[in-house]
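**Q** Based on what follows, work out the 3D shape:
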Amino acid sequence: MRALVLSALVLAGCGATIDEPSVCKTLRDQTVPSAEGLKAISVPLAVDLRPELKALGVTQGSAELSQVTLHVDDGVSDLSFLTSLRVNLLQPSDGGEIELVDYEGVTAPTTLVLDGGGGDILPDALAGPLSLQLTLAGDLPETTWHADVTVCLAARADLGLNL
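**A** Predicted structure coming up:
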């Protein structure tokens, strides 16, 4: 039904902006290296959301990071050692960074769910895998550990002609 209504709008020369459901991808079993003697460590992540965006027909519009979830998988029993977590989008074209998440405070036992932000990153998400950098700080473990990381975008698709 949705496709029929949208097709009718486009054929009539009308434009439409659609709030899409969250587009999420979980990266399972991500390795967080030992932080021997360090109070902060950065972990690079490549998150390719192009297949999910394509399946929804999102080729133009806007998207913002809506949520990042970090869930302990193996190597540590909880996240009580964390005092802050930052997520930045690295932009290889100009070497810049966009801060998407900046969290400080008491952490959840095994799962940390954080709201995102940082503005429109749809052009980056459509161009290729997002190059994200997680920076974890606190009394970090001196052993390697693993976590599942889920990244979600809230997308708005622009369809048709805006006359």
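**Q** max-length strand in this structure?
**A** Taking DSSP state E as the criterion, the chain has its longest strand at strand 145-160.
**Q** For that strand, list every residue counted as buried.
**A** If you call a residue buried by 16 or more other Cβ atoms under 10 Å, then strand 145-160 has these buried ones: 145, 147-160. Heads up, the C-betas are built off the backbone N, CA and C, glycines and all.
**Q** Is Leu112 in a helix, a strand, or coil?
**A** Classification of Leu112 using DSSP: H, G, I helix; E, B strand; the rest coil returns strand.
**Q** Could you report the separation of Glu104 from Thr83?
**A** 7 Å (Cβ to Cβ, to the nearest Å).
**Q** Compare these two (neighbour count), which wins?
**A** Taking other Cβ atoms under 10 Å, Glu104 and Thr83 do not tie; Thr83 has more neighbours (17 against 11).
**Q** Now do that one, the pLDDT please.
**A** With respect to pLDDT, Thr83 scores 93.
**Q** Pull out the CA atoms of the helix or strand harbouring Leu132 and give them to me as PDB.
**A** Using DSSP states H and E, Leu132 sits in strand 130-138. Taking Å, rounded to 0.1, in the frame of the first residue of the first chain, the C-alpha atoms of strand 130-138 are listed here in PDB:
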ATOM      1  CA  LEU A 130      31.100   4.400   7.600                       C
ATOM      2  CA  SER A 131      34.500   4.700   9.200                       C
ATOM      3  CA  LEU A 132      33.700   5.000  12.900                       C
ATOM      4  CA  GLN A 133      36.100   5.300  15.800                       C
ATOM      5  CA  LEU A 134      35.000   4.300  19.300                       C
ATOM      6  CA  THR A 135      37.100   5.900  22.000                       C
ATOM      7  CA  LEU A 136      36.700   4.200  25.400                       C
ATOM      8  CA  ALA A 137      38.100   5.600  28.600                       C
ATOM      9  CA  GLY A 138      38.300   4.600  32.200                       C
END
